[in-house]
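>>> Could you look at this predicted model? Sequence included:
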Amino acid sequence: MDSSTFIEGQAFGGPDVLSVGTTIVTSPQPGEVLIEQVAIGVNFIDVLLRRGELSKQTPYRLGLEASGHVVAVGEGVADLAVGDRVVYAGGPPGAYATRRCVPASRVVRVPEAVELIDAAAMFFKALTADYLVTRLRKLEPGEPVLVHAATGGVGSIIVPLLKAAGVIVIGVVGRESKRDMAVALGCDHVLVRSATSDLSDEVRSLTGGAGVSVAYDSIGRDTFDASMGSLRRFGLLVSYGWASGDVDPISLSKLRDSGSLFVTRPTVSHYTDRRDDLLAGAKRVFTAINGGILKPQIGMKLPLAQVVQAHNQMEQRQTQGSVVLLT
């Protein structure tokens with residue numbers, strides 16, 4: 001029997017509620033693989049789980065993506081083998097660990113040209129960015145779109161994908177210090193979010209008064225109205241995150257009166273629920289990495305035991321790009 005170090009929370013609250021534990025890892029059950037993990041991606045959804053905003057069950061574990069090597073295969077798993085370099089995203093939380101059994105349906109092989117740490121840093125976020133760009137609405141070259149948190153974990157991936165699709169990207173960042181990175185990622189225009197300015201007015205000024213066709217909003221409550229106000233007629237507001245809290249209910253008449261707008265609250269779990277969709281999305285992500293469209297933006301690498309520091313930095317919005325824990 002081999003042991004695994006893992007991160008667990010016995011209560012909800014700040015990063016200090018997290019602690020390190022050790023457990024014995026058993027052989028994988030049918031349909032599972034056991035992975036010796038190398039790197040773990042940290043996502044803001046982990047912060048929300050730790051705060052108790054998504055679940056009230058304790059104790060709990062965190063983490064939805066990691067990469068490593070398959071060290072054992074359960075009965076019925078035909079397309080993965082011991083020694084495979086793999087990455088996974090989704091499934092029950094628990095990726096903050098050195099070893100873990102994972103449903104094989106969520107695991108994909110990593111091409112040799114892609115480093116395992118880069119795969120862990122990008123996979124969950126890149127699958128999110130992929131469906132946002134390729135499957136929600138057909139994007140026409142030259143049309144303007146708005147991207148909140150343009151230098152964040154998902155933002156730093158969605159911006160290059162949008163540029164590859166030929167659209168005009170207006171990126172929003174929280175600090176002036178993040179402007180240069182947003183430009184380097186491919187933003188055509190960069191706006192610094194401020195409580196003293198009207199973001200929608202700035203967006204309309206950049207688009208000749210028309211507004212953007214799509215607003216990708218991962219912030220939630222604090223930016224929802226500004227995102228709606230930035231849309232042109234028939235525009236789409238994609239509310240795919242809630243870093244500042246969930247959005248208040250919106251009336252259908254407001255959508256009508258604001259220009260026959262569309263609003264969606266999608267989730268990557270639905271867009272990758274079928275394995276065929278997961279594999280197709282993974283193929284597009286790895287092709288974009290190999291083609292140089294996506295370049296891993298790892299802003300912080302820390303040992304697994306320093307998870308509290310990682311969460312502190314992310315919660316205070318002091319990170320750029322992805323945060324990765326190393327085992």
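It's in.
>>> so where do the helices sit in the stretch 51-200 of the chain?
116-134, 155-164, 179-185, 199-206 (DSSP state H, counting those that start in this stretch).
>>> Export those helices to a markdown table and append columns for mean pLDDT and mean neighbour count.
Using the backbone N, CA and C atoms, a C-beta is placed for each residue, glycine as well. Converted to a markdown table, these look like this (pLDDT from 0 to 100; neighbours: other C-beta atoms under 10 Å):
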| stretch | mean pLDDT | mean neighbour count |
| --- | --- | --- |
| helix 116-134 | 96 | 25 |
| helix 155-164 | 96 | 25 |
| helix 179-185 | 95 | 19 |
| helix 199-206 | 95 | 18 |
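>>> and Val20, that's in a strand?
Yes - counting by DSSP: H, G, I helix; E, B strand; the rest coil, Val20 falls inside a strand.
>>> Now Leu304: phi and psi?
phi -50, psi -40 (degrees, to the nearest 10).
>>> Check Val247 too.
Here Val247 shows phi and psi, under degrees, to the nearest 10, equal to phi -90, psi 140.
>>> That one - how many residues pack around it?
When neighbours are defined as other C-beta atoms under 10 Å, Val247 has 20 of them.
>>> Excluding covalently adjacent residues, which one is nearest to it?
Counting by C-beta to C-beta, 6 or more residues apart in numbering, Phe224 is the residue found nearest to Val247 once chain neighbours are left out, at 4.7 Å.
>>> what's the closest of the helices of the stretch 51-200 of the chain to Gly171?
helix 179-185 (4.4 Å; C-beta to C-beta).
>>> What is the closest one packed up against?
Counting by 3 or more C-beta pairs under 8 Å, 6 or more residues apart in numbering; DSSP states H and E, the packing neighbours recorded for helix 179-185 are helix 155-164, strand 168-173, strand 189-192.
>>> first to last residue in stretch 201-218, what's the distance?
20 Å (C-alpha to C-alpha, to the nearest Å).
>>> Show residues contacting that stretch.
Identification of contacts with stretch 201-218 by C-beta atoms under 8 Å, 6 or more residues apart in numbering yields 44, 132, 136-137, 139, 143-149, 152, 154-155, 158, 170, 189, 191, 200, 223-224, 227-241, 243.
>>> same question, stretch 51-60
Stretch 51-60 is touched from outside by Glu8, Gly9, Gln10, Ala11, Phe12, Gly13, Ile45, Leu48, Leu49, Arg50, Pro93, with contacts defined as C-beta under 8 Å, 6+ apart.
>>> Surely the first one is in contact with Thr23?
No - applying C-beta atoms under 8 Å, one finds Glu8 not in contact with Thr23, separated by 9.3 Å.
>>> These two: who's more crowded?
The neighbour count for Glu8 versus Thr23, taken as other C-beta under 10 Å, is higher for Glu8 (18 against 12).
>>> Now do the SS call for that one.
Per three-state DSSP, Glu8 ends up strand.
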